[in-house]
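Trainee: everything below, folded, please.
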Amino acid sequence: MKNIYLVGFMGTGKTTVGKILAARLKRQFIEMDEVIERQEACPITEIFTTKGEPYFRKLENNLLKKISTQKKLVVSCGGGLICNKKNLKILTETGIVFNLAASAKTIYERTKKYNHRPLLNVDNPVLKIDELIQKRNQYYNKAHHTIDTTGVNPDEVAEKIIDELNG
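Mentor: Numbers count the residues shown, from 1 in each chain. Have a look, this model is predicted:
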């Protein structure tokens, strides 16, 4: 059985929904950012600051290649992972890709209390979130399915994914 990949912008529910989904489907759950932080023994923000985004993206790509050789996983992918054409190809060929979407305002409300989100340290974070979503939508729209998580609780989102899988 193919992997289930959850993609989308930060704060759309990938990790929370992924854990629920994995439990309901009796699959292993992998949160890619957590794996990278363990491997590097430091937070992603520190990786970006000290080694740069290209280094992080390489780590992400290598981890995806490794994960994609396994089966029956539920994988929460980093928000920018799908924006690389090689990653997009791996995702769509080795799994079923669900884009979790939400409004910029919803994302801000869900993430504003976390100081490890450098994106939010700007004058107008909602505008910045919206700009980045618009830029990434060309990639997010290549997912097999899109589910809007705005105003929907994580259990309901997991149920919608299960319905799509069974549909």
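Trainee: break down this structure into its helices, ranges please.
Mentor: In the chain, the helices defined using DSSP state H lie at 14-25, 32-40, 44-51, 53-67, 85-94, 104-111, 125-140, 154-166.
Trainee: list the buried ones in the fifth one?
Mentor: Using 16 or more other CB atoms under 10 Å as the burial criterion, the residues of helix 85-94 that qualify are 87, 88, 90, 91, 94. Heads up, the C-betas are built off the backbone N, CA and C, glycines and all.
Trainee: tally of neighbours for the closest residue in space to residue 56 that isn't next to it in sequence?
Mentor: The shortest distance from residue 56 to any residue other than its chain neighbours is 5.0 Å, reached at residue 47 (CB to CB, 6 or more residues apart in numbering). Neighbour count of residue 47, defined by other CB atoms under 10 Å: 19.
Trainee: shouldn't residue 47 be in contact with residue 40?
Mentor: Yes: between residue 47 and residue 40 there is a contact under CB atoms under 8 Å: 5.7 Å.
Trainee: list the contacts for the residue nearest to residue 108 when sequence neighbours are not counted?
Mentor: Of all residues not flanking residue 108 in the chain, residue 126 sits nearest, at 4.9 Å (CB to CB, 6+ apart). Shown in contact with residue 126 (CB atoms under 8 Å, 6 or more residues apart in numbering): 104, 105, 108.
Trainee: wait, the first one touches residue 133, no?
Mentor: Yes: counting by CB under 8 Å, residue 133 is a contact partner of residue 104 at 6.3 Å.
Trainee: the helix or strand bottoming out on mean pLDDT in the chain packs against which elements?
Mentor: Lowest mean confidence among the helices and strands of the chain (mean pLDDT, DSSP states H and E): helix 44-51, at a mean of 90. When contacts are defined as 3 or more CB pairs under 8 Å, 6 or more residues apart in numbering; DSSP states H and E, helix 44-51 packs onto helix 32-40, helix 53-67.
Trainee: for those helices, give me TSV that also has mean pLDDT, mean neighbour count and distance to residue 14.
Mentor: TSV is the format used below for the helices and strands packed on helix 44-51 (pLDDT from 0 to 100; neighbours: other CB atoms under 10 Å; distance: least, CB to CB, whole Å):
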stretch	mean pLDDT	mean neighbour count	distance to residue 14
helix 32-40	97	16	9
helix 53-67	96	15	14
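Trainee: which of those helices sits closest to residue 79?
Mentor: Nearest to residue 79 among the helices and strands packed on helix 44-51 is helix 32-40 (9.0 Å), distances taken as CB to CB.
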